[in-house]
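J.: Need coordinates for the following:
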Amino acid sequence: MRQDIISKETMTELTDDGRLLVISHMPLAYAMAWRLKDCGVSLEDLRQEGFLGLCEAALRYDETADCNFATYARHWCRKMMYMAIRRRQTAGDVQDDTFHEEADDEDLLRMGQRQRIDDSLQCLRQEEQQVITLFYGLDTERQNLTEIAASLGVSRSRASAIHLQALQKLEEALTERPLVDYIDQSIL
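T.: Numbering: from 1, shown residues only. Model prediction:
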């Protein structure tokens, strides 16, 4: 496993103080992994990436800098986890393991929001999904209720009722799974 090999090598490069920093901040990495657990990468892999981020942070950390280790380590853990998520998402598009560039925080937030929306749409009937997708322009051009009604072959009032039912179901689904479950708080 790539992570195990890297982590063993990295741990041997760390000083005793560096190892202590890594071990004492494992709960931070685990908490960050837990928040991203439904992103398509296994929780264990996210924890491994967080561990690698802690090791990288410990190797690079400058105690004289005006920044505590937890703040510094959070950046490296997040970077490693998001790179793993990106590798997973682009695995079908890219044949090799190259990773072009780390996404900026706005892209990562958008990615988490989109994953949350996609997951929540699964609670809807197909007709409701279609209305929401068309009305809000998810992967398509936005349409108004009159256009949606025509494409579904229903009246405008029926399309409106479907829209309201779908919104109620989505509200319940989104309340059960807050956005924080999909993204790392530190990027907000």
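J.: Can you tell me the SS state at the closest residue to Leu43 other than its chain neighbours?
T.: Sequence neighbours aside, Lys37 is the residue nearest to Leu43 in space, at 4.8 Å (criterion: CB to CB, 6 or more residues apart in numbering). (Glycine included, C-beta is placed from N, CA and C.) Secondary structure of Lys37, reduced to three states by DSSP: H, G, I helix; E, B strand; the rest coil: coil.
J.: Pull the number of nearby residues for Lys37.
T.: Neighbourhood size, Lys37 [other CB atoms under 10 Å]: 14.
J.: Can you give me the pLDDT of it?
T.: Note on Lys37: pLDDT of 81.
J.: Break this structure into its domains for me.
T.: The domain map for the chain lists 2-101, 105-181, with the assignment taken from automatic domain parsing.
J.: And the ones you listed, which one averages the lowest pLDDT?
T.: Considering the domains of the chain one by one, the lowest average pLDDT is found for domain 2-101, at a mean of 78.
J.: now that one, how far from the centre of its chain.
T.: The gap between where domain 2-101 is centred and where its chain is centred comes out at 15 Å by CA atoms, centre = their mean, to the nearest Å.
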